[in-house]
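Peer 1: please work out how this folds:
(one chain, ligands or ions: 4)
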Amino acid sequence: MHDTTVVTTCTRDCPNTCGLVATVREGRLIKLGGDPRHPLTRGKACVKAARYVRRVYSPERITRPLVRAHRDEPWRTASWDEALDSIAARMKSIAAESGPEAILYYQGYGERTALKLLNRYFFNLFGGVTTTTGSLCGGTGQGSQNLDFGCRISHDPLDHLNSRSMILWGRNPASTNVSLIPIIREIRQRGGRVALIDPVFSKSAGLADRHVRPRPGTDAFLAMAVARLILAKGAEDRAFMENHAEGAQSYLRILEEFSVEEMCARCDVAVDDATYLADLLIRHNPTSTLLGWGMHRHENAHFSIRAIDALGAISGNIGVPGGGVSQGFEEYGPYDQKFWGDDLNPPRRALLLPRIGEEILRASNPGIRMIYVTAANPVCMAPNTAKVSAAFRRAEFVVYSGHFQDDTADLAHVFLPATTFLEEEDVMASYGHNYVGPVNPAIRPVGECRSEFRMFCDLADRFPFAERFRRSAREWLFDICGPIREQGCSMEALRQGTFRLNAPMVPYADKIFPTPSGKFRFPTSFDPQALDRTDPSYPYRLLTTAPHGFICSERTMAEHAPLPVVVLAKEEAVRLQLREGDTVRVESPAGMVRARLETRAGQRRDVLVSERGGWLKAGHGLNRLTRDISSVVGSGTPYYETSVRVVLDS
Ligand SMILES: Nc1nc2c(c(=O)[nH]1)N[C@H]1C(S)=C(S)[C@@H](COP(=O)(O)OP(=O)(O)OC[C@H]3O[C@@H](n4cnc5c(=O)[nH]c(N)nc54)[C@H](O)[C@@H]3O)O[C@H]1N2
Ligand SMILES: Nc1nc2c(c(=O)[nH]1)N[C@H]1C(S)=C(S)[C@@H](COP(=O)(O)OP(=O)(O)OC[C@H]3O[C@@H](n4cnc5c(=O)[nH]c(N)nc54)[C@H](O)[C@@H]3O)O[C@H]1N2
Ligand code: SF4
Ligand SMILES: [Mo]
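Peer 2: Ligands and ions are numbered 1, 2, ... in the order given. Predicted coordinates for the structure are as follows:
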């Protein structure tokens, strides 16, 4: 048997963006493994990569276009021509009657490759439709770090090899960022220290020397307590604070408002834990602090993130090899962004993602009549499902492009079956590192699936602007990747392997920041009350974290357990007279979900932990519980501002 291998890059919503090798036998993908030549991911891929082979050939995958006139009708298969004709006709009639802003284009996080710029380009050529603004993912962290640094730029992950300690702050690399694991191990092997700060026992606790478990959303107090302990020892970086920062004096005054003991009490952390972190920063420097996305999902997360940035500054870790407060990278950063086409029209309406259900329902002049969704499952993943699903039901025409019949596809009128990255040619940059990699087709499209690029080309053929769109993927990639070519990487070289973008290993090594004053900015205001909200009727914070074996809602019906699992502290279960395995009702002001109870000794008593991403139609759908509010900074989605109660299901 003759096997061939194809070098490619994982395009899933994951900061690793691994270099992969696909093994193909007689046209069929048989194996997906890590590419040992990738400088960062080095041949490691996760459990989800192996599983992806089954996903590509899943019997549940939709591989032919589906259409129906009404949502209550069964789907019927259609030709691509019929499906695309019906979409083009609707777009034209709606635009003629109500204007193009009556159409909402909703682009998700499922695949963010270079050619995806053209999705929005298509809608801009059409005349500009309603789009979205804000983020379901990392908006708050980015917005907050932009305030402090002028622009959020992270240390290259390979620079963490220069660290003598690391703080994983609300981040779970054991599940979400496996390429960091060897780096973390190496820091420890050389005698360095690693601390995890997370209210939950995530898998990353096993990577750390110490696990500190603050009350959710109150990390600002912890970061400030640690800063005070460093100041008390006289170990602060005075030179940085005086010469390269502004606002240091005001910040020091904020720190004086509370004693260390009081701050530790407010975040419910032992003073000994804060002392451990101060000692780690003083004696094991430089320290790299890695902010996770869990940190963002609070309404006032900016207070915490900015206090952590400030701690990095006070402890002398900004602009230093092996230091930094790092979070993420720009996955669309390396491309020529004029290909979004946003300058083709006057600014159009954009709806706020954190409140997308409400925003759609409220939109008027024109109202939203049609929704076009790509690589997303908002009915399951956006907050407050009741509203999102009402909003989708209100729209008279919904187009869904994706792989599986998920909760959002259930509310659509046309299902356009998309290829996976194994069936596509493209280019992929990362939100977790500085490498850009090739997406090379390993197999022919399964069934009649088409890449989104091809779908939009074929749809564009039905409009007067067809000529401006119809070029080959290679021609488009050549132009979109102009900035990468200018850095010295030809498209031929990029087809064969990864390229390291011209980005710093150590940002801000010159201590000059793109802020108006050129200096790092300490926060100069703090509102302790904002972090201190509890509601006795709903005593548990619902933390819906990243599952180990899946990415968000990328799963099939068959992969669901009958009920979602929720984990409560053993002591609380005893108090509520609930037992392991009980079916419980989890209730919030927004809704109710039935779940199977698990208990855990030592878990914080004020949280209820579950994995995000299970489908509503499979009985999961935890966003039936979440509130749709926006974070104060960065228009992020504070999923973890949801408090719940747990009662026995009777
Ligand atoms: N296996 C897997 N990998 C993934 C994903 C997945 O679903 N599964 N999703 C991908 C996506 S979309 C993203 S955005 C990233 C997310 O990557 P991570 O940020 O690493 O993962 P999360 O589970 O979202 O959050 C990390 C931790 O933050 C903690 N946390 C919550 N609130 C607080 C708080 O107030 N303070 C502190 N200190 N910690 C807190 C949570 O308990 C959680 O364990 O991972 C990506 N990779
Ligand atoms: N309760 C709760 N909810 C959350 C979170 C949380 O922590 N708690 N986290 C939030 C976060 S961090 C994120 S990033 C969002 C994610 O929210 P979404 O982006 O809406 O959802 P995903 O589940 O990632 O779904 C992505 C879909 O894209 C499909 N896909 C992949 N590649 C392609 C492609 O090339 N073309 C097309 N058409 N489809 C493709 C996948 O099969 C999958 O169905 O969810 C958020 N929702
Ligand atoms: S899902 Fe993430 S860790 Fe797994 S192969 Fe893809 S990029 Fe790598
Ligand atoms: Mo995310």
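
Peer 1: is ligand 2 contacted by stretch 57-71?
Peer 2: No: if you take CB under 6 Å from any ligand atom as the test, stretch 57-71 misses ligand 2, and the best it gets is 9.3 Å. For every residue, glycine as well, the C-beta is placed using N, CA and C.

Peer 1: just how off-centre is that stretch within its chain?
Peer 2: Distance of stretch 57-71 from its chain centroid, counting by CA atoms, centre = their mean, to the nearest Å, is 27 Å.

Peer 1: equivalent analysis for stretch 114-127, please.
Peer 2: For stretch 114-127, the distance to the chain centre is 22 Å (CA atoms, centre = their mean).

Peer 1: likewise stretch 110-124?
Peer 2: 18 Å.

Peer 1: do stretch 428-445 as well
Peer 2: How far stretch 428-445 lies from its chain's middle: 17 Å, per CA atoms, centre = their mean.

Peer 1: briefly note if that stretch comes near ligand 3.
Peer 2: No: against ligand 3, stretch 428-445 shows no contacts by CB under 6 Å from any ligand atom, the least distance being 8.3 Å.

Peer 1: that stretch: end-to-end distance?
Peer 2: 19 Å (CA to CA, to the nearest Å).

Peer 1: could you do stretch 72-91 as well?
Peer 2: Using CA to CA, the two ends of stretch 72-91 sit 22 Å apart.

Peer 1: likewise stretch 424-436?
Peer 2: End-to-end distance of stretch 424-436 (CA to CA): 16 Å.

Peer 1: quick check: mean pLDDT of it?
Peer 2: For stretch 424-436, mean pLDDT is 98.

Peer 1: for it, list every residue counted as buried.
Peer 2: 424-436 (16 or more other CB atoms under 10 Å).

Peer 1: would you turn these into a markdown table with secondary structure and distance to residue 413?
Peer 2: What follows is those, written out as a markdown table (DSSP: H, G, I helix; E, B strand; the rest coil; distance: CB to CB, whole Å):
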| residue | secondary structure | distance to residue 413 |
| --- | --- | --- |
| 424 | coil | 25 |
| 425 | coil | 30 |
| 426 | strand | 28 |
| 427 | strand | 32 |
| 428 | strand | 31 |
| 429 | coil | 33 |
| 430 | coil | 35 |
| 431 | coil | 32 |
| 432 | coil | 36 |
| 433 | coil | 39 |
| 434 | coil | 42 |
| 435 | strand | 40 |
| 436 | strand | 37 |
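
Peer 1: list just the nearest of the residues you listed to ligand 2.
Peer 2: residue 424 (7.2 Å; CB to the nearest ligand atom).

Peer 1: dump the buried residues of stretch 424-436 to JSON lines, plus distance to residue 199.
Peer 2: Below are the buried residues of stretch 424-436 laid out as JSON lines (distance: CB to CB, whole Å):
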{"residue": "424", "distance to residue 199": "39"}
{"residue": "425", "distance to residue 199": "43"}
{"residue": "426", "distance to residue 199": "38"}
{"residue": "427", "distance to residue 199": "38"}
{"residue": "428", "distance to residue 199": "33"}
{"residue": "429", "distance to residue 199": "32"}
{"residue": "430", "distance to residue 199": "28"}
{"residue": "431", "distance to residue 199": "24"}
{"residue": "432", "distance to residue 199": "23"}
{"residue": "433", "distance to residue 199": "27"}
{"residue": "434", "distance to residue 199": "31"}
{"residue": "435", "distance to residue 199": "32"}
{"residue": "436", "distance to residue 199": "35"}
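
Peer 1: just the closest of these to residue 279, please.
Peer 2: The nearest member of those to residue 279, counting by CB to CB, is residue 432 at 29.2 Å.

Peer 1: any low-confidence regions in this structure?
Peer 2: 1 (pLDDT under 70).

Peer 1: okay, now the domains of it?
Peer 2: 3-56, 155-326+511-521, 528-648 (automatic domain parsing).

Peer 1: of all those, which one comes closest to ligand 3?
Peer 2: Nearest of the domains of the chain (CB to the nearest ligand atom): domain 3-56, 3.1 Å.

Peer 1: do the closest one and ligand 3 meet?
Peer 2: Yes: counting by CB under 6 Å from any ligand atom, ligand 3 has neighbours in domain 3-56: 10, 12, 14, 16, 17, 18, 45, 46, 48, 49.

Peer 1: near ligand 3, which residues of this protein are found?
Peer 2: 10, 12, 14, 16, 17, 18, 45, 46, 48, 49, 178.

Peer 1: from the residues you listed, pick the one nearest residue 576.
Peer 2: Nearest to residue 576 among the residues of the chain next to ligand 3, with distances taken as CB to CB, is residue 48, at 34.8 Å.

Peer 1: coming back round to it: dump the residues of the chain next to ligand 3 to a markdown table, plus neighbour count.
Peer 2: Shown next, in a markdown table, are these (neighbours: other CB atoms under 10 Å):
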| residue | neighbour count |
| --- | --- |
| 10 | 25 |
| 12 | 21 |
| 14 | 21 |
| 16 | 26 |
| 17 | 27 |
| 18 | 28 |
| 45 | 22 |
| 46 | 23 |
| 48 | 20 |
| 49 | 21 |
| 178 | 21 |
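
Peer 1: what sits closest to residue 438 if chain neighbours are left out?
Peer 2: residue 495 (5.0 Å; CB to CB, 6 or more residues apart in numbering).

Peer 1: which of the three states applies to that neighbour?
Peer 2: Under DSSP: H, G, I helix; E, B strand; the rest coil, the three-state class of residue 495 is helix.

Peer 1: what is the burial count for it?
Peer 2: By other CB atoms under 10 Å, 15 other residues sit near residue 495.

Peer 1: settle this for me: it is touching residue 439, isn't it.
Peer 2: No: the pair residue 495 / residue 439 is not scored as a contact, 9.6 Å apart, by CB atoms under 8 Å.

Peer 1: hey, C-alpha coordinates of stretch 450-458 in CSV?
Peer 2: The C-alpha trace of stretch 450-458 is given here as CSV (Å, rounded to 0.1, in the frame of the first residue of the first chain):
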residue,chain,number,x,y,z
ARG,A,450,-17.0,23.3,-1.0
SER,A,451,-14.6,25.6,0.7
GLU,A,452,-16.1,28.9,1.8
PHE,A,453,-13.8,30.6,-0.7
ARG,A,454,-15.4,28.6,-3.5
MET,A,455,-18.9,29.2,-2.2
PHE,A,456,-18.4,33.0,-2.2
CYS,A,457,-16.9,32.9,-5.7
ASP,A,458,-19.9,30.9,-6.9
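
Peer 1: could you confirm whether it reaches ligand 2?
Peer 2: Yes: with CB under 6 Å from any ligand atom as the criterion, ligand 2 is reached by stretch 450-458 at residue 452.

Peer 1: which strand or helix spans the closest residue to ligand 2 within the chain?
Peer 2: Nearest residue of the chain to ligand 2: residue 110, at 2.1 Å (CB to the nearest ligand atom). Per DSSP states H and E: residue 110 is located in neither a helix nor a strand.

Peer 1: pretty sure it contacts residue 375?
Peer 2: Yes: the criterion here is CB under 8 Å, and residue 110 meets it with residue 375 at 3.1 Å.

Peer 1: any residues in contact with both of the two?
Peer 2: Residues touching both residue 110 and residue 375 (CB atoms under 8 Å, 6 or more residues apart in numbering) are residue 402.

Peer 1: how close does residue 408 sit to residue 156?
Peer 2: 36 Å (CB to CB, to the nearest Å).

Peer 1: again with residue 370
Peer 2: Distance of residue 370 to residue 156, given as CB to CB: 43 Å.

Peer 1: with that, I have no additional questions.
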